[in-house]
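A.B. asks: need coordinates for the below:
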Amino acid sequence: MNYWLVKSEPHKYSWEMFEKEGRTFWDGVRNYQARNNLKAMQNDDLVLYYHSNDGKEVVGIAKVIKEAYPDPTTDEADWVAIDLAPVQRLAKPVTLQQIKKDSRLENIGLLRQMRLSVMPLKREEFDAIVALGSQ
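C.D. replies: Alright, predicted model coming up:
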């Protein structure tokens, strides 16, 4: 199993909207590194859901329910989408400030490549954030 983090601006697609719909397709990615990360995702991989810009916090856990397929929002063959389903909301959001202060997360992609919208996580990083969100 692999672990990931995806970013969404809460005013465009919040965790609350995601929970209400019960699943979504992750499309519109137009960065090659993020696209390659989408292509690497496998069914049942776990994904942290991060509210970017407003909030700047991890708010929930999702899982991949459909692997990469052509992005329906473009005719260009280079781009892909995946489907996600919510697993659980964190008991409390984990803020970017908390992540920055936690030595276990000093090398996390979220801090090294702030603009990347889809990134891999090490299992230890995933577990550390989930633990912070359950305290």
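
A.B. asks: next, the contact list for Glu57, please.
C.D. replies: Tyr50, His51, Pro93, Val94, Thr95, Leu96 (CB atoms under 8 Å, 6 or more residues apart in numbering). (Glycine included, C-beta is placed from N, CA and C.)

A.B. asks: pretty sure the third one belongs to a helix, no?
C.D. replies: Meaning Pro93. No - assigned with DSSP: H, G, I helix; E, B strand; the rest coil, Pro93 falls outside any helix and is strand.

A.B. asks: mark which of the contacts of Glu57 are buried, thanks.
C.D. replies: Buried members of the contacts of Glu57, counted by 16 or more other CB atoms under 10 Å: Tyr50, His51, Pro93, Val94, Leu96.

A.B. asks: just the closest of the residues you listed to Glu19, please.
C.D. replies: Minimum distance to Glu19 across the buried ones among the contacts of Glu57 is 13.1 Å, recorded for His51 (CB to CB).

A.B. asks: what are the buried residues along the biggest helix by length in the chain?
C.D. replies: Counting residues, the longest helix found in the chain (DSSP state H) is helix 123-133. Going by neighbour count (16+ other CB under 10 Å), the buried part of helix 123-133 is Glu125, Phe126, Ala128, Ile129, Val130, Leu132, Gly133.

A.B. asks: so the third one sits against Leu105, correct?
C.D. replies: Yes - taking contacts as CB atoms under 8 Å, Ala128 lies within contact range of Leu105: 5.9 Å.
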